[in-house]
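Q: Please work out how this folds:
(chains A and B)
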Amino acid sequence: MSVITRFAPSPTGLLHGGNYRTAVFAYLFARQQKGHFILRIEDTDKARSKPEYEANILESLQWLGIDWDSFARQSDRLAQHQAAVKRLIDSDHAYLSHETSAEGKESDLIRFRNPGGVITFDDLVRGPINTDVTDLGDFIIARNIDEPLFHLAVVVDDGEMSVTHIVRGDDHIANTPRQILIQRALGFTEPRYAHLPIVLGPDRAKLSKRRGAKALTEYRDAGYLPESMLNFLALIGWNPGTEQEIFSKDQLVEAFNFSGIQHHGAIFNEEKLRWFNREYLLRMTTDDFSTYTMPVLKEALTERLPALAFSHAETSMKEGAAAGGITDMDATIAQKLLPVIRERISTSNDLRTMVGEGELDYYFKKPILDVTKIPFKGGSPTDTVKHLQHVKETFVKSSQDQFKDPENIKSLIWDYATEIGRGAVLWPLRFALTGAERSPDPFTVISIIGLTETLARIKVAHNLLEASGLST
RNA sequence: GGCCCCAUCGUCUAACGGUUAGGACGCCGGCUUCUCAAGCCGUUAAUCGGAGUUCGAUUCUCCGUGGGGUCACCA
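A: Take a look at the predicted model:
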C-alpha cells in the first residue's frame, strides 16, 4: 500500500512557521515513501474562511518548494459529507437533536451516538495513546445536514482520499479518539497518526498570530530563502541523529524519520533561522547572489537618493541623479559592492537597513570629513599629509588596470605602509575615502570607487589637513 | 480545574545503564587586522527535585515540581 499524506490547513488567517513545519514533515514523508501528498483546504467554516488566506497558503507552499500531487477544498465536497451524515443516521450511529443554542437559536443538530469505552491508537511519534471517550458524550458532527463540522468532514475526506498517514500538530491528539469513532462507524480503515510537537514562541506558548508569530510570507519578504526556511523548519523538533545541519530538500527527504521527532515543544528560534539563511547566502553562486541582492539594493538606494543627491551634483558620479533613479555609474558600483555586502548580511532586509542608515553612502558620494579624525591615533597632520601625498603619487604612477583588484592595490603601498607603520598610512587613507571610523579596508574601497574618485578624495583630505594646519 | 503530553547548556539537540554528558545557534574571549565585517581558534553553560531498582543511572519505576496541549453549533 502506497503512502498518502495530506496537509489540511484552514484558510482562516495567515499561517505561521509552525503550521508549515507540519506541512514539511507530511511532505517529506510522502516523498520519501514515493507516496502521494494532498493539499486540502479545510474551509467548512464559511464565516471565517477567506479566499485571500487560501491564496496565501498556496503561495507559501510553492515558495517553500512543497508541491502537492492533488488539491481539494472541503467546501467542494459537501455532497460527500451529507451522504456520510445520512449513512450515519440511517445506521443509527447519529441522530437529529432539536436544540436551542446559548444565543437562543433553534436548530436540528446532528449528534454522534457515542458508544463510550476506551479508544487506543498507536501514534508514530508518541506511541500508544489510550483515551476514555465516555465523557465526550454524544458530540456534534454537523450543525445540520448542510453544514457538516470539522470532525465529520476530516474523517470523510481522509477516508475517501485513502490517507494512510495523518501528520498533524499534537493539539489534535485530543480530537483523534472521536475521529476514530466516526471512522469506525463509517467503515473506513484507520490511518496511522503522527502527532508533531507544537512549535512554541519565545514566550514558550504555542506559536500564534495573536502573540506576534509572523506569517511565512513575511519571512520571504524579509529576504529569507526558501531553502533555508525549509531546512530550519525541518530541524524544529526533529533531528537526523547525526551532527549534520545543512540539508537540501532531497537530503531531508532521504533522512527524515518519525523516530527523530521530539516529544516536546520547541521554540521557533529566529537567530538560528538567520544563521541558516546566511549559510545559504554564502553558498550561492555570484550570479544568484546578484539576482538576490540587486533589486533590493537598487530600491533601497533610490529611497536613499535624497541624502545622496547633494554630492552627486559635485562629483564625477552626477549623471542622471535628478532623473529619479540611481545612475548607471551607481549601478556599476552596486555590482562591485556585492562581495562586501555578502559578508555583512544574513538577509536582504539587513542590506535595506545598511543602506537606510547610510552605511554605504561613501561608495556613492564624497564623504564629509571630520579633519580631526584623519590622522591615526595621535599622528601629526604634517606626517599624515606626507603619507597621503606618497600614496597619491604612487597611485598616479601606477597603471589604471592595477586598480581593479584589491590585492594589487594593496601591493602598491603595502611595503611603504609597513615601513612607516600601517596605521599611520592606512587609517588616514581609509578615512579620507570613507569618512567613517568603521568600513572595509581601503584597498577594497578603492577597487570599488575607482582611481579617479580615490585621488579626488585624497586631495580633499589633504587640503583639509593643510588648512587646519595653517589655522593652528 | 478534568483529561492528555512533556522535562539535558539561554535556545535547538546527541546519549537508547558505564562518555571528561557531545554538537549547533547566541553570548563572551583570542588570533588576524589601520577600523569594521568575515574567517579561524577557544571559553562559559545543562541532566528540575526526592525516593527507589541496579555494582553503576541523563537513561528504568514511583512521587513531587514545573511547562505545554486540550476541554465549541472553530479547525
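Q: Who are the packing partners of the top helix by length along chain A?
A: For chain A, the helix reaching the highest residue count under DSSP state H is reported as helix A:286-312. Other elements packing on helix A:286-312 under the criterion 3 or more C-beta pairs under 8 Å, 6 or more residues apart in numbering; DSSP states H and E are helix A:328-342, helix A:348-356. Placement of C-beta: from N, CA and C, glycine included.
Q: Now tell me what touches the last one from outside.
A: Taking C-beta atoms under 8 Å, 6 or more residues apart in numbering as the criterion, the residues outside helix A:348-356 that touch it are A:222-223, A:292-293, A:296-297, A:300-301, A:303-304, A:341, A:344-345, A:360.
Q: In that helix, which residues are buried?
A: Taking 16 or more other C-beta atoms under 10 Å as the basis for neighbour counts, the residues of helix A:348-356 that come out buried are A:348, A:349, A:350, A:351, A:352, A:354, A:355.
Q: Equivalent analysis for the longest one, please.
A: Using 16+ other C-beta under 10 Å as the test for burial, helix A:328-342 gives A:329, A:330, A:333, A:334, A:336, A:337, A:338, A:340, A:341, A:342.
Q: Tell me what angle it forms with helix A:286-312.
A: Comparing the axes of helix A:328-342 and helix A:286-312 via axes from the mean of the first three to the mean of the last three C-alpha atoms, to 10 degrees yields an angle of 120 degrees.
Q: follow-up on the earlier one: would you write a ChimeraX line that selects the buried entries of the contacts of helix A:348-356?
A: Buried members of these, defined by 16+ other C-beta under 10 Å, are picked up in ChimeraX with:
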select /A:223,292,293,296,297,300,301,304,341,345,360
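Q: from the contacts of helix A:348-356, which is closest to RNA strand B?
A: For these, the closest approach to RNA strand B (C-beta to the nearest atom of the strand) belongs to residue A:344, at 4.0 Å.
Q: Next, the closest one: secondary structure please.
A: Residue A:344 carries the three-state label coil when classified by DSSP: H, G, I helix; E, B strand; the rest coil.
Q: which stretches of chain A have low pLDDT?
A: A:309-325, A:469-472 (pLDDT under 70).
Q: so who does residue A:424 touch?
A: Contacts of residue A:424 were listed using C-beta under 8 Å, 6+ apart, and they are A:376, A:379, A:383, A:384, A:387, A:417.
Q: Residue A:415 versus that one, what's the distance?
A: In this view, residue A:424 and residue A:415 are 14 Å apart by C-beta to C-beta, to the nearest Å.
Q: circling back to that earlier point, could I get the contacts of residue A:424 as TSV with secondary structure, distance to residue A:370 and neighbour count?
A: Listed next are the contacts of residue A:424 as TSV, based on DSSP: H, G, I helix; E, B strand; the rest coil; distance: C-beta to C-beta, whole Å; neighbours: other C-beta atoms under 10 Å:
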residue	secondary structure	distance to residue A:370	neighbour count
A:376	coil	14	20
A:379	coil	15	18
A:383	helix	18	16
A:384	helix	13	24
A:387	helix	18	24
A:417	helix	22	20
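Q: Can you narrow the residues you listed down to the ones near RNA strand B?
A: Residues of those in contact with RNA strand B (C-beta under 7 Å from any atom of the strand): A:376, A:417.
Q: which ones are touching residue A:248?
A: residue A:227.
Q: What separation is there between it and RNA strand B?
A: The span separating residue A:248 from RNA strand B equals 17 Å under the rule C-beta to the nearest atom of the strand, to the nearest Å.
Q: check which helix or strand covers residue A:276.
A: When elements are assigned from DSSP states H and E, residue A:276 belongs to helix A:270-283.
Q: Can you give the distance of that helix from its chain's centre?
A: A distance of 9 Å separates the centroid of the chain from that of helix A:270-283, by C-alpha atoms, centre = their mean, to the nearest Å.
Q: And for stretch A:239-246?
A: Between the centre of stretch A:239-246 and the centre of its chain there are 20 Å (C-alpha atoms, centre = their mean).
Q: For RNA strand B, tell me whether that stretch is touching it.
A: Yes. Judged by C-beta under 7 Å from any atom of the strand, stretch A:239-246 comes into contact with RNA strand B at A:239, A:241, A:243, A:245.
Q: Of those, which pair is most distant in space?
A: Of all pairs drawn from the residues of stretch A:239-246 next to RNA strand B, the greatest distance, 12.4 Å, lies between A:241 and A:245 (C-beta to C-beta).
Q: So for the two, which sits in the more crowded spot?
A: A direct count of neighbours by other C-beta atoms under 10 Å for residue A:241 and residue A:245 places residue A:245 higher, at 14 against 10.
Q: Might one say that that one is in contact with residue A:238?
A: No. Here residue A:245 lies out of contact with residue A:238, judged by C-beta atoms under 8 Å, at a distance of 11.9 Å.
Q: Which positions in the stretch 201-350 of chain A make contact with RNA strand B?
A: Taking C-beta under 7 Å from any atom of the strand, the part of the stretch 201-350 of chain A that reaches RNA strand B is made up of A:204-206, A:235-237, A:239, A:241, A:243, A:245, A:260, A:262-267, A:269, A:271-272, A:274-275, A:282, A:343-344.
Q: Around RNA strand B, pick out the residues from the stretch 1-150 of chain A.
A: Counting by C-beta under 7 Å from any atom of the strand, the residues of the stretch 1-150 of chain A close to RNA strand B are A:8-10, A:12, A:42, A:44-45, A:48, A:74, A:99-102, A:105, A:107, A:109, A:126, A:129, A:131, A:140, A:143, A:149-150.
Q: Out of those, which end up buried?
A: When neighbours are counted using 16+ other C-beta under 10 Å, those contain these buried positions: A:8, A:9, A:10, A:42, A:44, A:74, A:109, A:126, A:129, A:131, A:140, A:149.
Q: Dump these to CSV, plus secondary structure.
A: Output for those, formatted as CSV (three-state DSSP):
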residue, secondary structure
A:8, coil
A:9, coil
A:10, coil
A:42, coil
A:44, coil
A:74, helix
A:109, strand
A:126, coil
A:129, strand
A:131, strand
A:140, strand
A:149, coil
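Q: Can you name the helix or strand that the one residue in the stretch 151-300 of chain A that gets nearest to RNA strand B falls in?
A: Ranked by C-beta to the nearest atom of the strand, the top residue of the stretch 151-300 of chain A for proximity to RNA strand B is residue A:264, at 2.8 Å. Here residue A:264 is covered by no helix or strand, with elements defined by DSSP H and E.
Q: rewinding a little: now the buried ones among the residues of the stretch 1-150 of chain A next to RNA strand B in JSON lines, with distance to residue A:176?
A: Conversion of those to JSON lines gives the following (distance: C-beta to C-beta, whole Å):
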{"residue": "A:8", "distance to residue A:176": "14"}
{"residue": "A:9", "distance to residue A:176": "18"}
{"residue": "A:10", "distance to residue A:176": "18"}
{"residue": "A:42", "distance to residue A:176": "16"}
{"residue": "A:44", "distance to residue A:176": "18"}
{"residue": "A:74", "distance to residue A:176": "19"}
{"residue": "A:109", "distance to residue A:176": "22"}
{"residue": "A:126", "distance to residue A:176": "10"}
{"residue": "A:129", "distance to residue A:176": "8"}
{"residue": "A:131", "distance to residue A:176": "8"}
{"residue": "A:140", "distance to residue A:176": "17"}
{"residue": "A:149", "distance to residue A:176": "16"}
